[in-house]
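S.K.: Next comes the sequence, and after it the predicted model I'd like to discuss.
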Amino acid sequence: MTSHPSFEEITALVYPQAVNPQYFQLAARVNAHLCVCETCKQVYDTLITARQQSEDLYFGETDRDD
């Protein structure tokens, strides 16, 4: 198993400041770890869900609009 990425690294994957070669290196390393570590995958999934919900609220695409 690869070493656990930090919370900050997982956050940087979900909320990138820039998409550059360093981001792709981080993405490759963290994604490889997420494939084998359920605990880190849960953190990632939670951040992705939070990001999607905040974007839905910001852009007005909530279930209430249906």
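M.R.: Sure, I can see it. Quantities reported herein were computed from a predicted structural model and do not represent experimental measurements.
S.K.: hey, let's count contacts and neighbours off CA atoms from now on
M.R.: Will do.
S.K.: Excluding chain neighbours, what is closest to the spatially most central residue of the chain?
M.R.: Residue closest to the average C-alpha location in the chain (CA atoms, centre = their mean): residue 14, at 3.0 Å. Closest residue to residue 14 in three dimensions, ignoring its sequence neighbours and counting by CA to CA, 6 or more residues apart in numbering: residue 48, at 6.5 Å.
S.K.: Tell me the secondary structure of the one you found, please.
M.R.: Using DSSP: H, G, I helix; E, B strand; the rest coil, the structure places residue 48 in helix.
S.K.: Tell me where the chain has helices.
M.R.: Along the chain, counting by DSSP state H, helices occupy 7-14, 21-34, 38-59.
S.K.: Using TSV, lay out these together with mean pLDDT.
M.R.: Shown next, in TSV, are those (pLDDT from 0 to 100):
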stretch	mean pLDDT
helix 7-14	97
helix 21-34	97
helix 38-59	95
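S.K.: re earlier: looks like the residue nearest to the centre of the chain contacts residue 47 (just checking).
M.R.: Yes: here residue 14 reaches residue 47: they are 6.9 Å apart, a contact under CA atoms under 8 Å.
S.K.: what number of residues lie near residue 4?
M.R.: As a burial measure, residue 4 scores 15 neighbours (other CA atoms under 10 Å).
S.K.: can you give me phi and psi for it?
M.R.: Dihedral pair for residue 4: phi -70, psi 130, per degrees, to the nearest 10.
S.K.: that older thread, ok, the residue nearest to the centre of the chain - contacts?
M.R.: Shown in contact with residue 14 (CA atoms under 8 Å, 6 or more residues apart in numbering): 44, 47, 48, 51.
S.K.: Quick one: which of the residues you listed is the most crowded by neighbours?
M.R.: Highest neighbour count within the contacts of residue 14, by other CA under 10 Å: residue 44, with 20 neighbours.
S.K.: circling back: could you dump the contacts of residue 14 to CSV with distance to residue 58?
M.R.: Converted to CSV, the contacts of residue 14 look like this (distance: CA to CA, whole Å):
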residue, distance to residue 58
44, 21
47, 16
48, 15
51, 10
